[in-house]
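In: Next input, structure requested:
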Amino acid sequence: MGTWGAGNFENDDAAEYFIGLCKPLVEQIRNTVAQPALMQPDEPDSDIMMANVEILAVLGSNIGKTNNEEIGRLIFPFPLPASEEVQRWKYEYLKVWDGYIDKLAGGDYKVRRRRVLVDTFDRLIAVSKAGPPVKE
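Out: Numbers count the residues shown, from 1 in each chain. So this is what the prediction gives:
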């Protein structure tokens, strides 16, 4: 189709590039969730997973679709996972976090960090539910 709108991602090349950027982030998260030991707070995969959740939330919040919705949805499906899957990631991650963090840290850090984790997942869940914002 080539180009279907005036937006930066409303053309085949940019849309495919964006989808290609998101796929490895989602794959890394899925692979980490599939191996609970990798989600332990002192594991590098855990840190990378949360960075990927944040990146996806930011991208999803800021790279929108235009009012040319029908064509855009057909040609450029937004590459975020379903909100139900992200909700499962959140549940699994926090289960590991809560079961392990006391071995590493406590007090104020533990409380503040958990708040950040919840907020990060919740932002991705919200974007996944709503889809990308409409840009004029």
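
In: All the helices of this structure, in order from the start?
Out: Secondary structure of the chain (DSSP state H): helices at 12-33, 44-62, 69-75, 83-100, 107-130.

In: Run the angle between the longest one and helix 44-62 for me.
Out: Per axes from the mean of the first three to the mean of the last three C-alpha atoms, to 10 degrees, the angle that helix 107-130 makes with helix 44-62 is 50 degrees.

In: where in this protein is pLDDT low?
Out: Low-confidence segments of the chain (pLDDT under 70): 1, 64-78, 131-136.

In: Mean neighbour count and distance to residue 4 for the helices of the chain - can I get that in JSON lines?
Out: All C-beta atoms are positioned from the backbone trio N, CA, C, and that covers glycine. Below are the helices of the chain laid out as JSON lines (neighbours: other C-beta atoms under 10 Å; distance: least, C-beta to C-beta, whole Å):
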{"stretch": "helix 12-33", "mean neighbour count": "15", "distance to residue 4": "9"}
{"stretch": "helix 44-62", "mean neighbour count": "17", "distance to residue 4": "20"}
{"stretch": "helix 69-75", "mean neighbour count": "14", "distance to residue 4": "5"}
{"stretch": "helix 83-100", "mean neighbour count": "16", "distance to residue 4": "26"}
{"stretch": "helix 107-130", "mean neighbour count": "15", "distance to residue 4": "21"}
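
In: Would you mind putting the ones you listed into JSON lines with distance to residue 5 alongside?
Out: Shown next, in JSON lines, are the helices of the chain (distance: least, C-beta to C-beta, whole Å):
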{"stretch": "helix 12-33", "distance to residue 5": "10"}
{"stretch": "helix 44-62", "distance to residue 5": "17"}
{"stretch": "helix 69-75", "distance to residue 5": "6"}
{"stretch": "helix 83-100", "distance to residue 5": "25"}
{"stretch": "helix 107-130", "distance to residue 5": "19"}
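
In: among the ones you listed, which is nearest residue 2?
Out: Among the helices of the chain, helix 12-33 comes nearest to residue 2, with 6.0 Å by C-beta to C-beta.

In: so what's the nearest residue to residue 114 once chain neighbours are set aside up against?
Out: Once flanking residues are discounted, residue 114 sits nearest to residue 97: 6.7 Å by C-beta to C-beta, 6 or more residues apart in numbering. Counting by C-beta atoms under 8 Å, 6 or more residues apart in numbering, residue 97 touches 39, 41, 114, 117.

In: Nothing else from me, thank you.
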